[in-house]
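> Structure, please.
(one chain, ligands or ions: 1)
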Amino acid sequence: MMIPHGVRMNRLSTARLAAALTLACSVAACNPVQSPRGPIPLVMPPPLTTLGAHRLVPTPVSVTPDDGAPFVLTATTAIVVPVGGGEASRVGGMLAALLRPASGFVLPVAAGDGAPPRGAIVVRLGGPASLGPEGYELTVSADSVRIVAVEPAGLFHGVQTFRQLLPAGIEGQHHAVRMASAWTVPPGRIVDRPRFAWRGAMLDVARHFFTVYEVKQYIDLLAMYKMNTLHLHLSDDQGWRIQIDSWPKLTTVGGITEVGGGPGGFYTKDEYAELVRFAGQRFITIVPEIDMPGHTHAAIASYPELGCSKPTPATQTGTAGSYTGTEVGWSTLCPDKDVTYRFVDDVVREISAMTPGAYFHVGGDEVQGLTAEQYASFVERTQEIVYKYGKTMVGWEEVGKARLRPTSIAQQWKSDSALLALRQGAKLIASPAPKAYLDMKYTPTTELGLDWAGLVELRTAYDWDPVTYLPGVAEQSVIGVEAPLWTETVQNITAAQYMTVPRLPAIAEVGWSPASERSWDGFRARIAAHAPRWRLLGINFYPSPQVDW
Ligand code: ACM
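Below you'll find the predicted structure:
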């Protein structure tokens, strides 16, 4: 029997899904640099002549242009890092790696604590404590560039700012084509720090599986826009995507399907460790999500004892018990069995052991098959398991219906139970679906995506505030913002980029920039200058008609 879903849960019926998947690779979404109006020419914006005309996204806290000659990156430029500089040296090395392909310069990374040579780019820890753990100061003169931060993450963000100040051609991947007449950056000073500590994106690798290589491309996009959190939705009805040694059938049975019947896939522990390492190098924390007690058909198909033997949507259940449709809300772990909590304990233990980040996301959304008491009791027991393994619990906002520890975090999406969590002292991650869900269509004719939360054109994704979105919420109660990409209709990284760019940079600015510095007109003008960068990086994007590209 098919369980009817509520308005908020109306993801996608299988008939509509089939139609969407047929279209999925027809036009713009799967053809990089195409738009529904035809190809966009690659036009390089002229180099900046004053820092005041910067096109930075996210826009910084303060920009003070100077008069005088610009800094010029040349064949003799060196990147100077402290002697024994550890992470600062590594960030200096990443800067060199960013600038070398297009410039063709050697850009040696040299250790030195004395006065830097003329023309150097200095990357070192220092600066006032007020910069916080992710802020930085960037000072540009004709003689030198200095990037200073209290913590290495701030240096990394400063590097991203410097990158965006150089002519767009710096994103070129090889030197064969000369991409700029000169690599100049106008003089001045930028002092910057983020508004929110949590600036994230969620990638649903369960509805459709994304390879390690694809996830790395997503991580690089986040890094470019100073996001610091990648939430991986690792399990759902359609697939289980992470190796768990104590429950091997989760991947051998639960991992081999996906929406539409494709082959699925999963990350081995080594692959997950590689993602954690790659993200960590970019100061991005991976937050693993195992969605429970609902959205668990892949686990139950692997280990039927985890379920309560209730009927499933039989018409969409394949011979191996797999589910390739997109209805939601019908599956649930059986809340009253000991085996359920042995399973939760093992899964949380194994994933926590390979996750250096502080968080474990337990899902908790869209559960229709349990009573309110059963749901609350499940969340509360699971919460204790998460804390037992040293992690802070994050859950979708429905977890506010259970008794939360005050350190737990609720992720607002439909905004009808977030306040329950807030009243218990929990902090919020703001991901309101009508603003931040990157799987919503841009317009009625967007080939991919859903529309149950509305259409989310670029301005809609940009023009909102995470604190004032819900009445009665204080700035301190919002830990940050996150842009989820659910992948019922999104089959690969090219399609993911189409749904993500330029909305993800918009959400990145919502999370980073002070409200007083943000305006749609400003963002609209600045983001236009990023299209040539995406083109050179091979990043697909939606050329929103709201922007003069
Ligand atoms: C959700 O979109 N079900 C969190």
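> From Ala301, how far out is the residue of the stretch 251-400 of the chain found nearest the ligand?
Taking Cβ to the nearest ligand atom, the ligand has its nearest neighbour within the stretch 251-400 of the chain at Asp365, 4.0 Å off. From N, CA and C alone the C-beta is placed, and that goes for glycine too. If you measure Asp365 against Ala301 using Cβ to Cβ, to the nearest Å, the figure is 20 Å.
> Can you classify the residue sitting nearest the centre point of the chain as helix, strand or coil?
Within the chain, the residue whose C-alpha comes closest to the C-alpha centroid is Ala201; the distance, by Cα atoms, centre = their mean, is 2.2 Å. When states are read from DSSP: H, G, I helix; E, B strand; the rest coil, the local structure at Ala201 comes out as strand.
> My read is that it contacts Val481, right?
No: here Ala201 does not reach Val481: they are 9.6 Å apart, not a contact under Cβ atoms under 8 Å.
> quick one on the thing from earlier: which one of Asp365 and Ala301 is surrounded by more residues?
When neighbours are counted by other Cβ atoms under 10 Å, Ala301 comes out ahead of the other of Asp365 and Ala301, with 26 against 22.
> okay, how far is it across stretch 342-361, tip to tip?
By Cα to Cα, to the nearest Å, the extent of stretch 342-361 from end to end equals 18 Å.
> List the buried residues in it.
343-345, 347-348, 350-352, 355, 357, 359-361 (16 or more other Cβ atoms under 10 Å).
> helix or strand for Ile429, which one?
Taking DSSP states H and E as the criterion, Ile429 maps to strand 427-430.
> Could you measure from the spatially closest residue to Gly425 that is not a sequence neighbour over to the ligand?
Sequence neighbours aside, Pro406 is the residue nearest to Gly425 in space, at 3.3 Å (criterion: Cβ to Cβ, 6 or more residues apart in numbering). As defined by Cβ to the nearest ligand atom, to the nearest Å, Pro406 lies at a distance of 22 Å from the ligand.
> again with Thr229
Going from Thr229 to the ligand by Cβ to the nearest ligand atom gives 16 Å.
> And for Val109?
Plainly put, Val109 is 43 Å away from the ligand if you go by Cβ to the nearest ligand atom.
> Isn't that residue up against Leu99?
No: in this structure, Val109 sits apart from Leu99 without contact. The criterion is Cβ under 8 Å, and the distance is 11.0 Å.
> ok, back up a step: given the strand holding Ile429, what are its sheet partners and their directions?
strand 409-412 (parallel), strand 478-485 (parallel) (DSSP bridges).
> All the helices of the stretch 1-150 of the chain, residue numbers only.
Taking DSSP state H, counting those that start in this stretch as the criterion, the stretch 1-150 of the chain contains helices spanning 14-23, 86-103.
> Least confident of the ones you listed, on average?
Per-stretch mean pLDDT for the helices of the stretch 1-150 of the chain is lowest at helix 14-23 (a mean of 44).
> Around the ligand, pick out the residues from the stretch 401-549 of the chain.
For the stretch 401-549 of the chain, the contact set with the ligand under Cβ under 6 Å from any ligand atom comprises Trp413.
> quick one: low-confidence ranges for the stretch 51-200 of the chain?
Residues of the stretch 51-200 of the chain meeting the criterion pLDDT under 70: 176.
> if we go to 80?
Within the stretch 51-200 of the chain, the set of residues satisfying pLDDT under 80 comprises 175-181.
> Taking it, what residue is nearest to the ligand?
As assessed by Cβ to the nearest ligand atom, the ligand sits closest to Gly200 within the stretch 51-200 of the chain, at 13.7 Å.
> What is the burial count for that residue?
When neighbours are defined as other Cβ under 10 Å, Gly200 has 27 of them.
> again with Thr268
Applying the criterion other Cβ under 10 Å, we find 12 residues in the vicinity of Thr268.
> Repeat that for Tyr213.
Other residues near Tyr213 come to 8 when the count uses other Cβ under 10 Å.
> picking up where we left off before, please name the nearest non-neighbouring residue to the residue of the stretch 51-200 of the chain closest to the ligand.
For Gly200, the nearest residue in space outside its immediate sequence neighbours is Thr229; the separation is 3.3 Å by Cβ to Cβ, 6+ apart.
> Same check on Gln411?
Leaving out its chain neighbours, the residue that sits closest to Gln411 by Cβ to Cβ, 6+ apart is Ile429, at 4.4 Å.
> go on, Val123?
Among residues not flanking Val123 along the chain, Gly92 sits closest, at 4.2 Å (Cβ to Cβ, 6+ apart).
> do Leu125 as well
With Cβ to Cβ, 6+ apart as the measure, Ala88 is the residue that lies nearest to Leu125, at 5.4 Å, once sequence neighbours are left out.
> ok, the residue nearest to Ile190 when sequence neighbours are not counted - how many residues close by?
Of all residues beyond its chain neighbours, the one nearest Ile190 is Leu138 (4.4 Å), with distances taken as Cβ to Cβ, 6+ apart. In terms of burial, Leu138 registers 24 neighbours under the definition other Cβ under 10 Å.
> ok now do Leu138, which residues does it touch?
By Cβ atoms under 8 Å, 6 or more residues apart in numbering, the contact set of Leu138 is Val145, Arg146, Ile147, Gly158, Thr161, Phe162, Arg189, Ile190, Asp192.
> Spatially, which two of these are the most separated?
For the contacts of Leu138, with distances taken as Cβ to Cβ, the pair at the greatest spread is Val145 and Asp192 (14.7 Å).
> before we move on, back to that, surely the residue nearest to Gly200 touches Leu203?
No: assessed by Cβ under 8 Å, Thr229 is found out of contact with Leu203, at 11.3 Å.
> who touches stretch 329-338?
Taking Cβ under 8 Å, 6+ apart as the criterion, the residues outside stretch 329-338 that touch it are 2-3, 5-6, 9, 237, 292-297, 299-300, 305-308, 310, 312-313, 323, 340, 343-344, 366-370, 374-375, 377-378.
> Mark which of those residues are part of strands, please.
Applying DSSP state E to those, the entries found in strands are Met292.
> Give the ChimeraX command for selecting the buried subset of the contacts of stretch 329-338.
ChimeraX command restricting the contacts of stretch 329-338 to the buried ones, with burial defined by 16+ other Cβ under 10 Å:
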select :3,5,9,237,292,293,294,295,296,297,299,300,306,307,312,313,323,340,343,344,366,367,368,369,370,374,375,377,378
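> among the contacts of stretch 329-338, which are in helices?
Members of those lying in helices (criterion: DSSP state H): His297, Ala299, Ile300, Thr340, Phe343, Val344, Gln374, Tyr375, Ser377, Phe378.
> Tell me which residues touch the second one, please.
By Cβ under 8 Å, 6+ apart, the contact set of Ala299 is Ser235, Trp240, Leu250, Gly254, Leu306, Leu333, Phe343.
> so who does the fifth one touch?
Which is Leu306. Contact criterion Cβ under 8 Å, 6+ apart gives Thr296, Ala299, Ile300, Leu333, Cys334, Lys337, Val339, Thr340, Phe343 as the residues in contact with Leu306.
> rerun at 10 Å
The neighbours of Leu306, taking Cβ atoms under 10 Å, 6 or more residues apart in numbering as the test, are 247, 292-293, 296, 299-300, 331-334, 337, 339-340, 342-344.
> What of the fourth one?
The neighbours of Gly254, taking Cβ under 10 Å, 6+ apart as the test, are 206, 235, 237-241, 244, 247, 264, 266, 296-303, 320-322.
> filter those residues to the buried ones?
In these, burial by neighbour count holds for 206, 235, 237-241, 244, 247, 264, 266, 296-303, 321-322, counting by 16+ other Cβ under 10 Å.
> picking up where we left off before, between Thr229 and Leu203, what contacts are shared?
Between them, Thr229 and Leu203 share the contacting residues Leu222, judged by Cβ under 10 Å, 6+ apart.
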